[in-house]
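Visitor: Fold the following for me, if possible:
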Amino acid sequence: MTIQRSSLLTILCVLTALSSGLGLFDGVITLTKTDAVSETTRIKRTLSPRDTKNDPPAYFEDRASGDAPMPADPAVIRPLAFAGIVHNLLTLIGAALMFWLRRAGFWVYVAGVAVGIVLPIVLGGFSAFITTFGVFFSVIFAVLYWFCLPEMTRKPVEI
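Guide: Sure, this is the predicted structure:
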């Protein structure tokens with residue numbers, strides 16, 4: 001008897017694989033090119049007179065610091081990049097296991113989400129909390145994966 005994966009589980013696993021793969025790529029590049037990342041400056045938007053002529057008045061005031069959201073100190077960037085790599089690696093492994101209908105994948109994924117929330121704060125302090133915003137979507141995905149948990153088994157499944 002073969003068990004089929006639901007469309008929801010398939011879509012969640014594919015989206016997680018894409019997101020985690022991109023996050024791994026970003027983390028590895030950030031970790032290997034930390035000095036270049038720390039030298040990246042914030043580009044301020046300037047409008048030419050031609051652009052502002054027909055635009056309604058803007059009421060937005062940018063109060064972000066020049067370093068937001070990534071700090072300019074390589075000593076802070078490296079641990080945050082490491083935390084991102086660990087988070088994305090665990091969520092990717094968890095999604096792969098869930099794709100093959102393994103229940104253990106859900107717990108690996110949840111561990112990855114927990115690492116993504118806690119590790120940046122531990123390694124970078126509470127000022128690194130802003131880097132955990134992307135993990136918010138992982139929490140939503142964990143809830144959606146939880147709904148798919150009954151279709152996952154503890155034994156390998158032939159598909």
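
Visitor: which stretches of the chain form strands?
Guide: Using DSSP state E, the chain contains no strands.

Visitor: By mean pLDDT, flag the weakest helix or strand of it.
Guide: In the chain, no helix or strand scores lower on mean pLDDT, DSSP states H and E than helix 49-53, which sits at a mean of 56.

Visitor: Sketch out the low-pLDDT regions of this structure for me.
Guide: 1-3, 37-73, 127-132, 154-159 (pLDDT under 70).

Visitor: can you give me the helices for it?
Guide: 7-32, 34-38, 49-53, 74-99, 104-124, 135-148 (DSSP state H).

Visitor: residues touching the nearest residue to Arg102 once chain neighbours are set aside, list them.
Guide: Using CB to CB, 6 or more residues apart in numbering and skipping the chain neighbours, the partner closest in space to Arg102 is Met152 (6.4 Å). (C-beta placed from N, C-alpha, C; glycine too.) Contacts for Met152 (CB atoms under 8 Å, 6 or more residues apart in numbering) come out as Met98, Leu101, Arg102, Arg103, Gly105, Phe106.

Visitor: which of those residues sit farthest apart?
Guide: Greatest spatial distance in those: Leu101 and Phe106, 10.6 Å, computed using CB to CB.

Visitor: okay, these two: which has more neighbours?
Guide: Using other CB atoms under 10 Å, the more surrounded residue of Leu101 and Phe106 is Leu101, with 23 against 19.

Visitor: surely the more buried one meets Thr153?
Guide: Yes: between Leu101 and Thr153 there is a contact at 5.8 Å, judged by CB atoms under 8 Å.

Visitor: gap between the nearest residue to Leu8 once chain neighbours are set aside and Thr16?
Guide: Of all residues beyond its chain neighbours, the one nearest Leu8 is Cys148 (6.0 Å), with distances taken as CB to CB, 6+ apart. Distance, Cys148 to Thr16, by CB to CB, to the nearest Å: 12 Å.

Visitor: Neighbour count: the two, which is higher?
Guide: Shown here are Cys148 and Thr16; by other CB under 10 Å, Thr16 has more neighbours (24 against 18).

Visitor: ok, the nearest residue to that one once chain neighbours are set aside - contacts?
Guide: When the adjacent residues along the chain are set aside, Thr16 lies closest to Ala95, with 3.8 Å between them (CB to CB, 6+ apart). Ala95 is in contact with Leu12, Cys13, Thr16, Ala17, Ser20, Gly105, Tyr109, counting by CB under 8 Å, 6+ apart.

Visitor: Compare the residues you listed and tell me which is most surrounded.
Guide: Counting neighbours by other CB under 10 Å, the top entry in the contacts of Ala95 is Tyr109, with 28 neighbours.
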